[in-house]
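Novice: No letters, just coordinates:
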C-alpha cells in the first residue's frame, strides 16, 4: 500500500525559500497524480499544487502561482514543492496526497493524510 512522508518544513523569514519533499514507499509514484495541500491554523485544508502522473502537467492555486514549483523524480519516488518568496500567509502544515483520480489528487485529497510538515514564515 502506498505511504507518503512529507519533510522539509521549518522556520523561514519572509521572502525566503524552502523545498518540501513527499517520499513514497509501497508503490511507485508514477502511477499516481500527486497533490500538495496545506492547512493554516483555524482554516480548512486547501489545495496548493498538483502534478499529473501520466504527463507531468501541473496546476497551481492562484495564491502560489509564480512562487511555487511542483516537480517529481520518479527514480527517487519523490515529489517536491519548491517554495520561494514566502510570506506569513504561507504558514501552514503542508501535506501531500496521491490518487489515481486527477480531481481528487488536486482539490480534495483522498483522506489518507500523513503527518505533514510545518512551514512557519516569520521574522
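Specialist: Right, received. Where do you want to start? All of these numbers come straight from a predicted model, not from anything done at the bench. Numbering: from 1, shown residues only.
Novice: what ranges do the helices span in this structure?
Specialist: 102-103 (DSSP state H).
Novice: what's the spacing between the spatially most central residue of it and residue 26?
Specialist: In the chain, the C-alpha nearest the mean C-alpha coordinate belongs to residue 36, at 2.5 Å (C-alpha atoms, centre = their mean). When C-beta to C-beta, to the nearest Å is the yardstick, residue 36 and residue 26 sit 19 Å from each other. Placement of C-beta: from N, CA and C, glycine included.
Novice: What count of nearby residues applies to residue 109?
Specialist: Counted with other C-beta atoms under 10 Å, residues neighbouring residue 109 total 19.
Novice: Quick check: beta-bridge partners of the residue nearest to the centre of the chain?
Specialist: In this entry, residue 36 is beta-bridged to residue 49, residue 96, by DSSP bridges.
Novice: what residues are up against it?
Specialist: Counting by C-beta atoms under 8 Å, 6 or more residues apart in numbering, residue 36 makes contact with 20, 22, 47, 48, 49, 50, 70, 79, 81, 94, 95, 96.
Novice: Please give me every residue in contact with the second one.
Specialist: Applying C-beta under 8 Å, 6+ apart to residue 22 gives the contacts 4, 5, 6, 34, 36, 78, 79, 80, 81, 96.
Novice: correct me, but the third one touches residue 113?
Specialist: No - applying C-beta atoms under 8 Å, one finds residue 6 not in contact with residue 113, separated by 9.6 Å.
Novice: Need the residues touching each of the two.
Specialist: Here residue 6 and residue 113 have residue 95 as joint contacts, going by C-beta under 8 Å, 6+ apart.
Novice: More neighbours: the two, which one.
Specialist: Using other C-beta under 10 Å as the criterion, residue 6 and residue 113 rank with residue 6 on top: 22 against 16.
Novice: I appreciate the help and will end here.
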